[in-house]
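S.K.: no FASTA, just this:
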């Protein structure tokens, strides 16, 4: 299957849709998930087209993983989490819903279950607050 240039992440990268960005470099963007499963739920995407890991280049994967690690460490600290769940889905049967490579970073706490997927849209001010907490750690 080919890459759809009209997917939501492609539109975010073109600034056609607003997002709450946490981190950005030449190759990747980290942004708050608008339907977070936990507080501090962040997505990492490459700036270049890739449907998923099945068609991504090794360079896209490497730069994404560098950002995933950096943002995971910051989110863990910002939310005083005990661990991180990292999720990545490939093709519809594999659970992928948006066909642009993306990684989910979920700060986790003992005994706290994530909310169901796509259960509730977060208020913009809450996303801004959570992003600010993560940015503050990244800027240290």
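M.R.: Here it is on my side, so go on. Every value quoted in this text rests on a predicted model; they were computed, and no experiment measured them. Residues are numbered from 1 along each chain as shown.
S.K.: so where's the longest helix in the protein?
M.R.: helix 58-78 (DSSP state H).
S.K.: okay, helices next: where are they in this structure?
M.R.: So, for the chain - with DSSP H - the helices run 8-13, 58-78, 124-138.
S.K.: which non-adjacent residue is nearest residue 2?
M.R.: Of all residues not flanking residue 2 in the chain, residue 51 sits nearest, at 8.0 Å (CB to CB, 6 or more residues apart in numbering). No exception for glycine: its C-beta is placed from N, CA and C like everyone else's.
S.K.: burial measure for that neighbour, as a count.
M.R.: When neighbours are counted by other CB atoms under 10 Å, residue 51 registers 19.
S.K.: that one and residue 10 touch, don't they?
M.R.: No: if you go by CB atoms under 8 Å, residue 51 and residue 10 don't touch, sitting 10.9 Å apart.
S.K.: mind listing what the residue nearest to the spatial centre of the chain touches?
M.R.: In the chain, the centroid-proximal residue (CA atoms, centre = their mean) is residue 43; its distance is 0.3 Å. Neighbour list for residue 43: 30-33, 102-105 [criterion: CB atoms under 8 Å, 6 or more residues apart in numbering].
S.K.: that's all I had, so thanks and see you.
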